[in-house]
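Novice: coordinates only, sequence not included:
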Ligand SMILES: Nc1ncnc2c1ncn2[C@@H]1O[C@H](COP(=O)(O)OP(=O)(O)O)[C@@H](O)[C@H]1O
Ligand SMILES: O=C(O)C1=C[C@@H](OP(=O)(O)O)[C@@H](O)[C@H](O)C1
Ligand SMILES: [Mg+2]
């Protein structure tokens with residue numbers, strides 16, 4: 001029986017937003033790995049990347065995965081790179097039902113182009129970087145239990161859709 005709803009996919013896909021909506025509307029705990037890291041480190045994700053580096057961030061991210069899998073059942077918003085670590089993928093799959101929030105490059109870019117809080121996009125050609133990351137990571141995201149197309153859907157529509165699939169998935173598994 002999966003205990004958690006786990007949201008995976010690229011930055012900008014809406015994992016944090018849909019996770020927060022589900023938590024509020026369905027009255028379940030919300031775990032956003034990035035927010036947990038920021039709280040523990042008393043620094044923003046961008047500051048952590050700048051001062052301690054990407055490797056340190058990934059180490060913290062893995063610690064948070066360990067922490068959330070044994071926390072009360074809820075919805076987990078991963079970061080776009082969480083599944084790069086095979087141990088994160090297997091732990092999350094073991095303890096949750098993974099939804100891949102699949103979004104087009106154009107939609108992701110339209111949401112991220114003006115943001116200043118995604119350190120992986122701080123370089124010279126952020127749209128090209130985003131495209132490269134999407135290509136590199138898509139196969140990892142496809143390891144999810146279910147793929148949900150994001151383009152054209154509101155946060156509320158996505159939340160309700162995920163919730164109905166989640167209810168069905170847990171009913172099936174429990175007999
Ligand atoms: N379904 C949606 N419709 C419109 N805007 C959205 C939707 N989902 C997310 N957003 C917006 O896109 C941006 C990125 O969303 P966020 O939840 O932070 O994505 P992620 O956690 O996957 O990186 C935010 O500004 C958010 O308000
Ligand atoms: O794609 C990535 O590697 C990252 C995505 C971010 O989370 P969101 O996917 O919530 O933006 C955050 O964890 C960090 O900036 C690294
Ligand atoms: Mg997020």
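Specialist: Perfect, I can see it now. Since the structure is predicted, the reported quantities are computational estimates derived from the model, not experimental observations. Ligands and ions are numbered 1, 2, ... in the order given.

Novice: C-alpha from now on. contacts and neighbour counts both.
Specialist: OK.

Novice: so what's the residue nearest the centre of the chain up against?
Specialist: Nearest residue to the geometric centre of the chain (CA atoms, centre = their mean): residue 78, 2.9 Å. Residues in contact with residue 78 (CA atoms under 8 Å, 6 or more residues apart in numbering) are 6-8, 15-16, 32-34.

Novice: and the pLDDT for the nearest residue to residue 54 once chain neighbours are set aside?
Specialist: Nearest non-adjacent residue to residue 54, counting by CA to CA, 6 or more residues apart in numbering: residue 48, 7.9 Å away. For residue 48, the pLDDT comes out at 98.

Novice: identify the residues contacting residue 48.
Specialist: Contacts of residue 48 by CA under 8 Å, 6+ apart are 41, 54, 57.

Novice: related to what we said a few turns ago, in helices only, show me the contacts of residue 78.
Specialist: 15-16, 33-34 (DSSP state H).

Novice: any chance of the residues you listed in CSV, with pLDDT too?
Specialist: CSV is the format used below for the ones in helices among the contacts of residue 78 (pLDDT from 0 to 100):
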residue, pLDDT
15, 98
16, 98
33, 98
34, 98
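
Novice: so after the top strand by length along the chain, what's the next helix or strand?
Specialist: Longest strand in the chain by number of residues (criterion: DSSP state E): strand 96-102. Next in sequence after strand 96-102, counting helices and strands by DSSP states H and E, comes helix 105-112.

Novice: for that next one, packing partners?
Specialist: helix 126-141 (3 or more CA pairs under 8 Å, 6 or more residues apart in numbering; DSSP states H and E).

Novice: picking up where we left off before, got a winner among the contacts of residue 78 for most neighbours?
Specialist: Across the contacts of residue 78, neighbour numbers were computed from other CA atoms under 10 Å; residue 8 holds the maximum, 30 neighbours.

Novice: for ligand 1, what are the nearby residues on the chain?
Specialist: Counting by CA under 6 Å from any ligand atom, the chain comes close to ligand 1 at 10-17, 111, 153-155.

Novice: low-confidence stretches in the protein?
Specialist: 173-175 (pLDDT under 70).

Novice: at 90 instead, please
Specialist: The model of the chain has pLDDT under 90 over residues 1-2, 171-175.
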